[in-house]
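Asks: Need coordinates for the below:
(chains A and B)
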Amino acid sequence: MSQVIRSPKMYDVCVIGSGAGGGTAAKILTEGGLSVVLLEAGPPVFPEKDFKMLMWPYELPHRGAGVGGHAEENFSEFLAPNGAWNIEGEPYTSAPGSNFQWFRSRIVGGRTNHWGRIALRFAPIDFKSATRDGLGDDWPITYDDLSPYYDKVESYIGVFGTHENVSSAPDGMFLPPPKPRCTDLIVKKACDKIGVICIPSRLAILTKSVNGRLPCHYCGQCGRGCVTASNFSSSQVMIPPAMKTGKLTMITGAMAREVILGKDGKAEGVSYIDKATRTEKRVNARAVVLAASACESARLLLNSKSPQFSNGLANSSGAVGRYLTDSVGSDGWGIIPQLEKMPPHNHDGVGGMHMYIPWWKFDRKNDFPRGYHIEFGGGRDMPGIGEFNYLLHEEEGYGVGVKKRARQTYGTGIGMAGRGEMIPNPDTYCEIDPNVVDKWGIPVLRFHFKWSEYEIRQAKDMQETFRAIIEAAGGEYKTKTPISGDRPFGIAEGGKIIHEVGTARMGADPKSSVLNGFCQAHDVKNVFIMDGAPLVTNPDKNPTLTIMALAWRASEYLLDEAKKGNL
Amino acid sequence: MTENSVTRRDILRTLAVGAVSGSVLQVIPAKAAEYAHQVVHTEKAASAAGKYALKYFSPHQYEMLLTLCETIIPKDEKSGGAVEAGAPEFIDLLTSENEEYQLALGGGLQWLDSFCSDRCANAFLDCTAEQRKEVLDLIAFRKNAKQDSSLSQGVAFFAFLRRFTCDGFYTSKIGIEDLQYIGNTALREFPGCPPLPES
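Replies: Below you'll find the predicted structure:
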């Protein structure tokens, strides 16, 4: 143990991870007066240097394709430093017959640097859906418990939207929405025709100044990262105020390895690998908040073994790693001839959808449980890599004709993406692979993943709806999906939608859950988890807003407990 | 440059402070964003080191590539062609970094020369314009490979190069202007959709 470098300092709280959950915890805890040490596995982010805002493809030697054309595997070279499904030296494995793709960010702010900024509240029914249909479990908290924290998060980060009274998509504290794009008007009209609800979307992008942050300048590039912090990222909106308190110590390049359990049965610190020096280090804290992302936090618990917790810290229930879900995803697109007649105009808008389709079939019986929402986009976006792949496949040939067809086709496509709720199943979970470690010597996760008929029927319904909307808009639906095979109805591989949650779920019963309703471990009272892991269900709403609301609420509770001397 | 750098630092500091402390910023967002962009752009232009140096293709192969790219996307009355748009440089750079591309294109160009030798007793570049057109008309359409399986590798090569050339062209200034994309700029208000024509 002589190489282990121990910091003599005792912090109030060690937070692991600086994304949506960890950033929120760092802000609330430091502003509440606690000293916080924040461990981040990646480097810092420098928006003015790292973000490619307002750049053209031809200003990059690889035009957005990345070195060797490989950027497309992780979206695009233009995106803010964001992470990847494959990180060199940090593998994970899938059990035979499973294919799970695990996206990880290693940077201050985590995935919030590049996320879609879609900020949707879970609905009241989402906390009690088991009561409704008997599948899965209810949450130990209700919408009313979380609603004030949704208010706080929305007011602080800035979310645009409109009050619509749609029961599956509760209204919030909204900034005004941007004006619709042409594609929005066309889809909205088509939806009205076939009885589908289509409303302004809810995105964490400022249409008005909030707390001194500048309003959006409508370049349509939020995913690249915003130099003016006009959209939400943890690195630009949560970490700076925490820093300003003087109570935050941030350690970057720190790969957490184990939460150390003291003799008194409480966590007393965290061991981590300092990536720069490849040495083992340790910080001491009175409480530990895991916010490393759902599966990374589960991995950390499972790797924190002790005589008391031979199956991993806070895992007397055996629920750590279980109840893993991702969103059900299926995409499609079509051509809308009407758009050929549009004169050239600025279509950029905010970096995301101006309108969307919330779950609208909540008032009828469907052949699958729960529901999905539809995101859509298209039109005269900035041309990029792969712009005419489809056209070239259909048209072939060469010469001036290619240019003419490209001019005619450009901006006429509308793409749709369904995002729906997966029901946890016993065949889907993560565990420690007994044979593999990463380059830091830390045992890695092995994934088991399986879609059930529920999800596949949902994907089928998505495809049928996309087609119905495109056709109602006078367009031609182009996507063809198989009805069987690995991806029936285009259902994405598990992990591809990057909404993996549930791996240390909260619950009223310590026998079947890891955390109580305040994200506090049943087994170890000074351990909290504030990322996607606590989520009991994974409804058809992107999880980030809920992760932040839960983290805000749990952090206030933690502050309160600290004041009472209960930690 | 020095003056610019100072101003850039200033503006970025102002932006950062605005984001952090809630100070009221006197610069309108569109101007601030546009300014940051301009400075980055200027720096990049200044650092570009002259002419492109080939990284993968031999001079002979590159000569073929230039001809093929320009044939796929030629100059017309509205805009320049693939060569003017820098598509061959883009293709050479990415190919130098990707072994699959090296096989598809390096091997494909070799295939094309062999095919032309068999057919016209000349390498591709030494064929007459009519002979080249004849060959390209064979490999530019999938249906030809269905009738004559000896064409299938050529068809695959040409389809790959066509996509690559279009990527290079439509990510260039010329290509983007050709499509009349308007945007990538900082606005105070998003204007929304102009009146929709009847469907």
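Asks: what's the closest non-adjacent residue to A:Ile141?
Replies: Nearest non-adjacent residue to A:Ile141, counting by CB to CB, 6 or more residues apart in numbering or on different chains: A:Gly517, 4.3 Å away. C-beta: built from backbone N, CA, C; applies to glycine.
Asks: Equivalent analysis for A:Asp348, please.
Replies: A:Gly220 (3.3 Å).
Asks: Number of residues surrounding the one you found?
Replies: For A:Gly220, the neighbour count with other CB atoms under 10 Å in any protein chain shown is 23.
Asks: Please look at the residue nearest to A:Ile141 and A:Pro140 and confirm they touch.
Replies: Yes. In this structure, A:Gly517 is within contact of A:Pro140 by CB atoms under 8 Å, at 4.1 Å.
Asks: Spatially, and excluding backbone neighbours, which residue is closest to the residue in chain B that chain A sits nearest to.
Replies: Using CB to the nearest CB, the single residue of chain B nearest to chain A is B:Gly192, 3.1 Å away. Leaving out its chain neighbours, the residue that sits closest to B:Gly192 by CB to CB, 6+ apart is A:Lys179, at 3.1 Å.
Asks: Could you check how many residues crowd around residue 74?
Replies: Picking chain A for this. Per other CB under 10 Å, the neighbour tally for A:Asn74 reads 16.
Asks: Chain B is the one I meant
Replies: For B:Pro74, the neighbour count with other CB under 10 Å is 17.
Asks: Same check on A:Thr228?
Replies: Neighbour tally, A:Thr228, other CB under 10 Å: 28.
Asks: just to revisit the earlier point, between A:Gly517 and A:Pro140, which contacts overlap?
Replies: Common neighbours of A:Gly517 and A:Pro140, counting by CB atoms under 8 Å, 6 or more residues apart in numbering or on different chains, are A:Met506, A:Ala508.
Asks: Which secondary structure state is assigned to whatever residue of chain A ends up closest to chain B?
Replies: For chain A, the residue closest to chain B is A:Lys179, as judged by CB to the nearest CB, at 3.1 Å. Secondary structure, DSSP: H, G, I helix; E, B strand; the rest coil: A:Lys179 is coil.
Asks: That one - how many residues pack around it?
Replies: Quick note: A:Lys179 (other CB under 10 Å) scores 16 neighbours.
Asks: Just to check, it is in contact with B:Leu187?
Replies: No. Between A:Lys179 and B:Leu187 no contact is recorded; they are 11.4 Å apart, counting by CB under 8 Å.
Asks: So which residues on the stretch 301-450 of chain A come close to chain B?
Replies: Contacts of the stretch 301-450 of chain A with chain B, taken as CB under 8 Å from any CB of the partner chain, map to A:337-338, A:341-350, A:380-389, A:392-393, A:396-400, A:402-403, A:406-407, A:410-411.
Asks: oh, I was asking about the stretch 101-250 of chain A
Replies: Proximity of the stretch 101-250 of chain A to chain B (CB under 8 Å from any CB) is limited to residues A:178-182, A:184-186, A:211-221, A:227-230, A:236-237, A:240-241, A:243-244.
Asks: Can you give me the domain boundaries for chain A?
Replies: Taking automatic domain parsing as the reference, chain A has its domains at A:1-45+A:80-108+A:232-327+A:427-450+A:501-567, A:159-224+A:328-420+A:452-490.
Asks: wait, doesn't A:Leu261 sit right on A:Lys305?
Replies: No. Using CB under 8 Å, A:Leu261 is not in contact with A:Lys305; the gap is 9.2 Å.
Asks: Checking the most centrally placed residue in chain B next. Helix, strand or coil?
Replies: Most central in chain B under CA atoms, centre = their mean is B:Gly168, positioned 1.6 Å from the mean C-alpha point. Three-state assignment for B:Gly168 (three-state DSSP): helix.
Asks: Skipping adjacent residues, who's closest to it in space?
Replies: Using CB to CB, 6+ apart and skipping the chain neighbours, the partner closest in space to B:Gly168 is B:Ala87 (2.9 Å).
Asks: Spit out the contact partners of that neighbour.
Replies: Counting by CB under 8 Å, 6+ apart, B:Ala87 touches B:Cys69, B:Ile73, B:Phe164, B:Thr165, B:Asp167, B:Gly168, B:Phe169, B:Ser172.
Asks: show me the residues around the last one that make contact.
Replies: Listed by CB under 8 Å, 6+ apart, the contact partners of B:Ser172 are A:Pro57, A:Tyr58, A:Arg63, B:Ala85, B:Gly86, B:Ala87.
Asks: Only whichever of those are buried, select them in ChimeraX.
Replies: In ChimeraX, a selection of the buried entries from the contacts of B:Ser172 looks like this (16 or more other CB atoms under 10 Å in any protein chain shown):
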select /A:57,58,63 /B:85,86,87
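Asks: Looking at the contacts of B:Ser172, which one is closest to A:Lys152?
Replies: A:Pro57 (39.6 Å; CB to CB).
Asks: Distance of the closest one relative to B:Gly81?
Replies: The gap separating A:Pro57 from B:Gly81 is 18 Å, by CB to CB, to the nearest Å.
Asks: try B:Ile91
Replies: To B:Gly81, B:Ile91 is 14 Å away according to CB to CB.
Asks: These two: who's more crowded?
Replies: Remark: of B:Ile91 and B:Gly81, B:Ile91 carries more neighbours, 24 against 20, as counted by other CB under 10 Å.
Asks: sorry, back to before: taking the contacts of B:Ala87 as a set, which two sit the farthest apart in space?
Replies: By the measure CB to CB, B:Phe164 and B:Ser172 form the most distant pair in these, at 13.1 Å.
Asks: Just read off the phi/psi values of A:Tyr323.
Replies: The phi and psi torsions at A:Tyr323 (degrees, to the nearest 10) take the values phi 60, psi 20.
Asks: er, A:Ala521 actually
Replies: Backbone torsions for A:Ala521, taken as degrees, to the nearest 10, come to phi -60, psi 130.
Asks: So it is in contact with A:Leu515, correct?
Replies: Yes. Counting by CB under 8 Å, A:Leu515 is a contact partner of A:Ala521 at 5.9 Å.
Asks: which residues do those two both contact?
Replies: Common contacts of A:Ala521 and A:Leu515, defined by CB under 8 Å, 6+ apart, comprise A:Phe528, A:Ile529.
Asks: Stretch A:215-228 - what's its average pLDDT?
Replies: Mean pLDDT, computed over stretch A:215-228, is 96.
Asks: can you give me the offset of it from its chain's centre?
Replies: Counting by CA atoms, centre = their mean, to the nearest Å, stretch A:215-228 is centred 19 Å from the centre of its parent chain.
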